[in-house]
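In: quick check, what structure comes out for this input:
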Amino acid sequence: MSQRRRKLSDQVIVITGATSGIGLTTARLAAARGARLVLGARNGVALLLLANELSGHGGGVEILELDVADSSAMDRLGQAAITRFGRIDTWINNAGASIYGRNEDILLADQHRLFQTNFWGVVNGSLTALRHMKASGGTLINLGSELSDRAVPLQGVYSASKHAVKAYTESLRMELEKDGSPLSVTLIKPAAIDTPFTLHAKNYMDKEPALPPPLYAPEVAAKAILYAAEHAQRDVYVGAASRLMSSLAFYMPRLLDHYMKGTMFGQQKRADDVQPLRTDALYQPNGSELLQNSGGRNGKALRHAPYTALAQRSKPLTIAALLGTAALAVWAVSSRAASVPGQEPGR
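Out: You can find the predicted model right below:
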């Protein structure tokens, strides 16, 4: 997975979910570095505004209004890239949505719709990318989550969809490697990112949803994605928090159960308000501000992720960082879990 790719300034990059959050930030950073972009999203007005914004960077922008759940629309997105630029170097399956609430309360129709976007959207995009890139090579980047390795309460369906994305991505990677394809496959696992994620989520709770700390700026995820576009990698944990959750889920799952029972029901609800009348973006774009990449946490998001930079660039340093962060995680979680009344020892 160490094969190098074209520099961003010479790449043609396809991004879904390009008008908000991580997708929007990734598009802006890639355009600033001269990449040619093919952008897909459901909000046609936002796409037009974004194309106009990025047109001065010189790389060129093609847009297509689409829903990633529609496989034929994804085929059109791939063909638009070939027609306009002649090839695809990196394909980024970024579009996603969430639902907050207890599993037993969420309508099955809403659960199916979330999977249409989060899982089948990745499948549709991946298969389109394969048709255009399997022989010529490049990078397929799928957006998973820290919840690809560990589920949390109140976001059970979202967690399940990200587990599915991980499984599909890993299976596809092995099949391509068996075929000797030069197309590499990367799974990105961001920790909580300060995007409009909660504003777009459907909410069944009595209060507005919130992301638990630590929170990272969307630029942290976008930079990690674009580094993976130039340097083929297997998995990328965006933020030490993501790596810690994965490690604890593997080594200390029962202790993590106890910790989450004591913290996640409160940390995923805003304490300062009750749920207002609101819309969500599960079925169609909602009325939130156009081209919004941040969730508006007033500078509380971390703007750097030293762990991710080390892990992507230096193997010896990665090993040292993993040992140090794992030791810190065991101490921190053990201390907090012990302070929650009624918990039994982890097993």
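In: for residue 70, what are its contacts?
Out: Counting by C-beta atoms under 8 Å, 6 or more residues apart in numbering, residue 70 touches residue 124. Bear in mind the C-beta positions are built from the backbone N, C-alpha and C, glycine included.
In: so how far is whichever strand or helix holds residue 172 from its chain's centroid?
Out: Using DSSP states H and E, the element containing residue 172 is helix 156-179. Relative to its parent chain, helix 156-179 has a centroid offset of 13 Å by C-alpha atoms, centre = their mean, to the nearest Å.
In: pull it out as CSV, backbone CA atoms only.
Out: Extracted in CSV, the C-alpha atoms of helix 156-179 (Å, rounded to 0.1, in the frame of the first residue of the first chain):
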residue,chain,number,x,y,z
GLY,A,156,-27.1,2.5,16.4
VAL,A,157,-28.2,2.7,12.7
TYR,A,158,-25.4,5.1,11.8
SER,A,159,-22.9,2.8,13.6
ALA,A,160,-24.2,-0.2,11.7
SER,A,161,-23.9,1.6,8.4
LYS,A,162,-20.3,2.5,9.1
HIS,A,163,-19.5,-1.1,10.2
ALA,A,164,-21.0,-2.2,6.8
VAL,A,165,-18.8,0.3,4.9
LYS,A,166,-15.7,-1.0,6.7
ALA,A,167,-16.6,-4.6,5.8
TYR,A,168,-17.4,-3.8,2.2
THR,A,169,-14.2,-1.7,1.8
GLU,A,170,-12.0,-4.5,3.2
SER,A,171,-13.5,-7.2,1.0
LEU,A,172,-13.2,-5.0,-2.1
ARG,A,173,-9.6,-4.2,-1.3
MET,A,174,-8.6,-7.9,-1.0
GLU,A,175,-10.4,-8.7,-4.3
LEU,A,176,-8.6,-6.0,-6.1
GLU,A,177,-5.2,-7.0,-4.7
LYS,A,178,-5.9,-10.6,-5.7
ASP,A,179,-6.5,-9.3,-9.3
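In: tell me the pLDDT of the spatially most central residue of the chain.
Out: Geometric centre of the chain, nearest residue: residue 143, 3.8 Å, by C-alpha atoms, centre = their mean. With respect to pLDDT, residue 143 scores 98.
In: quick one: the strands in the stretch 101-250 of the chain?
Out: For the stretch 101-250 of the chain, strands defined by DSSP state E, counting those that start in this stretch occupy the ranges 138-143, 183-190, 202-203, 235-238.
In: please work out which of those is packed deepest.
Out: Comparing the strands of the stretch 101-250 of the chain by mean neighbour count (mean count of other C-beta atoms under 10 Å), strand 138-143 ranks first with a mean of 27.
In: list the helices and strands the helix holding residue 172 packs on?
Out: helix 108-118, helix 120-133, strand 138-143, strand 183-190 (3 or more C-beta pairs under 8 Å, 6 or more residues apart in numbering; DSSP states H and E).
In: swap in 10 Å and give it another go.
Out: Counting contacts by 3 or more C-beta pairs under 10 Å, 6 or more residues apart in numbering; DSSP states H and E, helix 156-179 packs against strand 99-100, helix 108-118, helix 120-133, strand 138-143, strand 183-190, strand 235-238.
In: buried sites along it?
Out: Within helix 156-179, the residues that count as buried by 16 or more other C-beta atoms under 10 Å are 156-166, 168-169, 172-173, 176.
In: stretch 300-316 now?
Out: Here stretch 300-316 shows 301, 302, 305, 307, 308, 309, 310, 311, 312 as buried, counting by 16+ other C-beta under 10 Å.
In: with stretch 121-136 instead?
Out: Buried positions in stretch 121-136, judged by neighbour count with 16+ other C-beta under 10 Å: 121, 122, 123, 124, 125, 126, 128, 129, 130, 132, 133.
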